[in-house]
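Engineer: When you get a sec, could you give me coordinates for this:
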Amino acid sequence: MTARMRRITHPGPPAATRCTALHCKAVPLRLTLRAGQSVSQAVTAGFADAGFAFGYLRLDGAFFAPLTFVTPAPAPDDSHAAWYSATYRAPAPARAISAGVHLGQRDGQPFLHCHGQWNAGADVPDGGHMLCDDSILAQDVEAEGWGLTGAGLVSRHDPETNFTLFHPEATPLPDQTNAFLVTLRPNQDLATALLDICQEHGLATARLEGIGSLVGTRFANGRIIDSLATEVLIRTGALHGGVCQLDMTSIGFDGHAQSGPLSEDAHAICVTAEILILALTE
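Structural biologist: Residues are numbered from 1 along each chain as shown. Okay, here's the model as predicted:
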């Protein structure tokens, strides 16, 4: 028997549109990010040099000194349903086990949103939401990702959650597209929403990349993160034969990252999910 899906109550009225999925073209890239730059500077420059203002990048294996981040935390008041911890700063080189970062825009300028798991020392949590302006690359790193045209993530205030969130916005559409840039609203099952998008657009097989937050996390091996808000990263994600398979890293209020395939239980979106669906040819 599957567990009943937990829900979260946000301070504002639910938005009428619960899912946005825009056609785009995703171009595979391998970018060299230079040591001594902030993550924001290095990622933005790497994509710009390749000719892109929007994209998604994996930072697996990168070293940072310092690494600056926050973890999810209970909300201090009723203006939000969940909030962030105090800022952690790991001064010694910290290595990302897995991390994913969206490059979008806020107020007309490049802006990054990054979740990950890392080895940062015994005295700090081992995962969370990276503060990209204040985290510095300790070594050059080759990072794999996708540059996007046709759609990009742009920040704007979200009345439902009272956060400033990324939303997909259309840019000039290329002649051919091979992906969808997606954001999902709270209190819908992540896997079901992704399956519905793929079914609507006739995608039988797809690769899934991205980050977001869930109302708790249940893993296939029986482990549970019971926090009302958990920060998540897709380590590997695939859709095939009407089944959505998600292997994820999740960080709850205790700051302890856990990873593995999700259980078949429903997992409600907490605040948002920012997903790149990459069409595959069978």
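Engineer: Please make it C-alpha for all contacts and neighbour counts, starting now.
Structural biologist: Will do.
Engineer: in the stretch 151-282 of the chain, which spans are strands?
Structural biologist: 151-158, 163-170, 179-184, 205-214, 217-218, 224-225, 230-240, 243-251, 257-261, 269-279 (DSSP state E, counting those that start in this stretch).
Engineer: Would you map the helices across the stretch 51-200 of the chain?
Structural biologist: Taking DSSP state H, counting those that start in this stretch, the helices of the stretch 51-200 of the chain run over residues 190-200.
Engineer: how close does Glu274 get to Gly152?
Structural biologist: Separation of Glu274 from Gly152 (Cα to Cα, to the nearest Å) stands at 11 Å.
Engineer: anything in contact with each of those two?
Structural biologist: Leu181 (Cα atoms under 8 Å, 6 or more residues apart in numbering).
Engineer: picking up where we left off before, with respect to Ala48, which of the strands of the stretch 151-282 of the chain lies nearest?
Structural biologist: Closest approach to Ala48 among those is made by strand 151-158 (13.9 Å; Cα to Cα).
Engineer: can you list the residues that contact that closest one?
Structural biologist: With Cα under 8 Å, 6+ apart as the criterion, strand 151-158 contacts 22-24, 54-55, 102-107, 163-173, 181.
Engineer: try 7 Å
Structural biologist: With contacts defined as Cα atoms under 7 Å, 6 or more residues apart in numbering, strand 151-158 is touched by 22-24, 54, 104-106, 163-171, 181.
Engineer: Kindly report the same for stretch 135-142.
Structural biologist: 30-39, 62-68, 93.
Engineer: Endpoint to endpoint, it covers what distance?
Structural biologist: With Cα to Cα as the measure, stretch 135-142 spans 17 Å from end to end.
Engineer: low pLDDT regions in the stretch 151-282 of the chain?
Structural biologist: Counting by pLDDT under 70, the stretch 151-282 of the chain has low-confidence residues at 282.
Engineer: Go again with 90.
Structural biologist: Within the stretch 151-282 of the chain, the ranges that satisfy pLDDT under 90 run 173, 175, 241, 280-282.
Engineer: before we move on, the earlier item: quick one: buried ones out of the contacts of strand 151-158?
Structural biologist: Buried members of the contacts of strand 151-158, scored by 16 or more other Cα atoms under 10 Å, are 22-24, 54, 104-105, 163, 165-168, 181.
Engineer: And the residue nearest the centre of this protein?
Structural biologist: The structure's the chain has its C-alpha centroid closest to Ile211; by Cα atoms, centre = their mean the separation is 1.5 Å.
Engineer: surely that one meets Ile234?
Structural biologist: Yes - between Ile211 and Ile234 there is a contact at 6.1 Å, judged by Cα atoms under 7 Å.
Engineer: Surely Met130 touches Phe69?
Structural biologist: Yes - using Cα under 7 Å, Met130 is in contact with Phe69, at 4.2 Å.
Engineer: For the helix or strand where Gln41 lies, output the C-alpha coordinates as PDB.
Structural biologist: Assessed by DSSP states H and E, Gln41 sits inside helix 39-49. Extracted C-alpha coordinates of helix 39-49, given in PDB (Å, rounded to 0.1, in the frame of the first residue of the first chain):
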ATOM      1  CA  VAL A  39      30.000  29.800  -9.300                       C
ATOM      2  CA  SER A  40      27.800  32.500 -10.700                       C
ATOM      3  CA  GLN A  41      30.600  34.100 -12.600                       C
ATOM      4  CA  ALA A  42      32.000  30.800 -14.000                       C
ATOM      5  CA  VAL A  43      28.700  29.300 -15.000                       C
ATOM      6  CA  THR A  44      27.500  32.500 -16.600                       C
ATOM      7  CA  ALA A  45      30.700  33.000 -18.500                       C
ATOM      8  CA  GLY A  46      30.900  29.400 -19.600                       C
ATOM      9  CA  PHE A  47      27.400  29.500 -21.100                       C
ATOM     10  CA  ALA A  48      28.000  33.000 -22.600                       C
ATOM     11  CA  ASP A  49      31.200  31.800 -24.300                       C
END
